[in-house]
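# Let's see this in three dimensions:
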Amino acid sequence: MAVSAQTALAAAMPPDKLAEFKRALQALVTEAERNEAPDSPAGFAGEMGAPTLEHNVRKIFLNRMLIALGWKLETTVAEEARVRGDTTLFLDYLGVHLDTRIPLLIFEAKAWEKPFVS
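Model (predicted):
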């Protein structure tokens, strides 16, 4: 039986924290939609309208989403992590348990316009 991400998240968070996360996520989505709208204000004079790059998506959306989930970016999340196995994997975010250093979160970032699967 497959468990949805929402079900797993709800099981892992107390109801008040889940409600707080949902509010924070909705605010992030609303801000992203406003910033990505064709008529959004320019960030600076002469800015060319273009899709938001991965770096900016990480800064303005993903980092804030992970913080809303309770991750501490300075101590429990490695950005641009390299993991060695048969080959080297490059991971945008690798969340680890602070004491055991066991990976708990693997997160791939994409620019707004890029598909999740190609």
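# quick one, helices of this protein?
5-12, 15-36, 54-57, 63-68 (DSSP state H).
# closest to residue 74 out of the ones you listed?
helix 63-68 (10.3 Å; Cβ to Cβ). Just so you know, the C-beta spots here come from the backbone N, C-alpha and C atoms, and that holds for glycine as well.
# And that closest one, what's buried?
Neighbour counts over helix 63-68 (16 or more other Cβ atoms under 10 Å) mark 63, 64, 65, 66, 68 as buried.
# At the geometric centre of this structure, which residue do we find?
Taking Cα atoms, centre = their mean, the centroid of the chain lies closest to residue 62, which sits 2.8 Å from it.
# count of residues packed around the residue lying closest to it once chain neighbours are set aside?
The shortest distance from residue 62 to any residue other than its chain neighbours is 5.6 Å, reached at residue 109 (Cβ to Cβ, 6 or more residues apart in numbering). Counted with other Cβ atoms under 10 Å, the neighbours of residue 109 add up to 17.
# can you check residue 90 too?
Applying other Cβ under 10 Å, I find that residue 90 has 9 neighbouring residues.
# hang on, the earlier thing: for residue 86, see how far away the residue nearest to residue 62 is.
According to Cβ to Cβ, to the nearest Å, residue 109 and residue 86 sit 24 Å apart.
# Also residue 27?
The value you get for residue 27 to residue 86, if Cβ to Cβ is used, is 41 Å.
# Comparing the two, which shows the higher neighbour count?
The neighbour count for residue 27 versus residue 86, taken as other Cβ under 10 Å, is higher for residue 27 (12 against 5).
# any idea of the pLDDT on that one?
Here, the pLDDT recorded for residue 27 equals 96.
# Alright, that wraps it up for me.
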